[in-house]
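# model this:
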Amino acid sequence: MAELSTIVERVARRLGPLDGEPVPLAGGITNHNFRVRFGGRDTVLRLPGKETALLGISRDAERLAAERAAELGIAPALLDAGEDHLVCELIEGGPIDGARLRARPQSAARALRAFHDCGLQLPARFWVPDLLDRYAEIVAERGGHLSAAYAQARSLARRVADALPLSDPVACHDDLLPGNILARDREPDRAVLVDWEYAGMGHRMFDLGNLAVNNEFDEAAEDRLLGAYFEDGPDDGRRAALKLMRIMSDAREGAWGVIQGAVSELEFDFDGYASKHFARLTKAAQDPRLEEWLHGATA
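Numbers count the residues shown, from 1 in each chain. Here you go, the predicted model:
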């Protein structure tokens with residue numbers, strides 16, 4: 001709380017006087033988040049969790065991504081940022097209902113396409129096979145043990161990377177969990193993307209697979225997503241790429257749970273989180289169409 005008070009005092013000198021006390025916000029599993037009112041304006045203040053740089057996060061990339069996304073109208077305004085904090089406008093609304101998002105993913109698809117095509121160059125790279133290798137090194141350095149599920153995730157991530165190499169990287173969000181896809185109360189179908197801390201130069205199809213798997217898209221919803229993103233409709237190559245990037249996403253989420261269990265001070269069941277995503281990855285890997293996807297995927 002002493003750190004919070006110091007940061008709030010510093011931010012207030014730029015954004016206006018503090019009105020009331022910071023109110024903790026629930027739901028974050030990487031950082032500490034607070035609702036704070038500065039100069040008559042409601043904001044969200046985020047304090048990074050412990051050793052988040054080990055997760056592959058670049059605060060410079062996050063700031064640049066959040067600024068550009070706000071300019072594109074797909075993210076809340078970024079009001080203040082530094083290595084130890086980030087402040088953005090508070091969205092009066094909440095996460096888009098999952099059923100609504102699956103039925104009408106067009107706004108989220110258009111938001112991602114706009115960001116991918118904006119030409120932004122970020123000072124960070126986001127590529128899951130590399131992340132998994134680095135996470136494994138960190139866990140080993142701290143005396144941790146990597147499970148067979150982690151080894152399977154690394155192997156599958158490399159196979160997906162061989163089928164869909166990172167040959168044309170674009171700026172990506174990379175963390176499209178349900179809580180990071182919001183809508184304002186007055187515009188319930190318009191996606192507002194938040195939490196850009198994993199932003200980096202990556203594969204555009206990863207964002208689509210990440211969105212689809214974390215928001216429980218079925219194949220009909222996947223087709224709607226691909227159709228809205230590419231505008232000329234889905235084809236078998238893109239469908240295969242989306243399936244593979246769903247696997248890539250779960251490889252990352254499972255490994256993320258493993259390393260967070262080794263470094264985070266937050267009270268959260270990171271082991272359970274990792275197990276959930278590794279189990280879903282294993283199920284997808286057992287799909288008899290996997291080899292077909294690997295041979296037929298196109299970006």
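
# mind listing what's buried in the longest helix along the chain?
If you go by DSSP state H, the chain has its longest helix at helix 236-263. Within helix 236-263, the residues that qualify as buried are 238-263, counting by 16 or more other Cβ atoms under 10 Å. (Glycine included, C-beta is placed from N, CA and C.)

# now what about the next helix or strand after it, what contacts it?
Proceeding N to C from helix 236-263, the next assigned helix or strand is helix 270-285, under DSSP states H and E. With contacts defined as Cβ atoms under 8 Å, 6 or more residues apart in numbering, helix 270-285 is touched by 29, 147, 149-150, 152-153, 156, 213, 243, 246-247, 250-251, 253-258, 260-261, 264, 290.

# ok and helix 270-285 relative to helix 236-263, angle-wise?
Angle of helix 270-285 versus helix 236-263, following axes from the mean of the first three to the mean of the last three Cα atoms, to 10 degrees, is 160 degrees.

# how many neighbours does Ala53 have?
Using other Cβ atoms under 10 Å, Ala53 is surrounded by 10 other residues.

# can you check Asp235 too?
If you count neighbours by other Cβ under 10 Å, Asp235 ends up with 13.

# Let me see the contact set for it.
Thr298.

# per-residue confidence at Met1?
Listed pLDDT for Met1 reads 60.

# go on, Glu267?
82.

# State the distance from it to Leu86.
According to Cβ to Cβ, to the nearest Å, Glu267 and Leu86 sit 22 Å apart.

# Those two - which one has more neighbours?
It is Leu86, of Glu267 and Leu86, that has more neighbours when counted by other Cβ under 10 Å, with 25 against 6.

# give the contact list for the most centrally placed residue in the chain.
Centroid-nearest residue in the chain, with Cα atoms, centre = their mean: Asp175, separated by 0.6 Å. Counting by Cβ under 8 Å, 6+ apart, Asp175 makes contact with 195-198, 210.

# From these, which land in helices?
Judged by DSSP H, helices contain the following of these: Asn210.

# With pLDDT and distance to Arg13 added, can I get the contacts of Asp175 in TSV?
Below are these laid out as TSV (pLDDT from 0 to 100; distance: Cβ to Cβ, whole Å):
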residue	pLDDT	distance to Arg13
Asp195	95	26
Trp196	96	25
Glu197	94	24
Tyr198	96	30
Asn210	98	38
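
# and of the contacts of Asp175, the nearest to Leu112?
Asn210 (9.8 Å; Cβ to Cβ).
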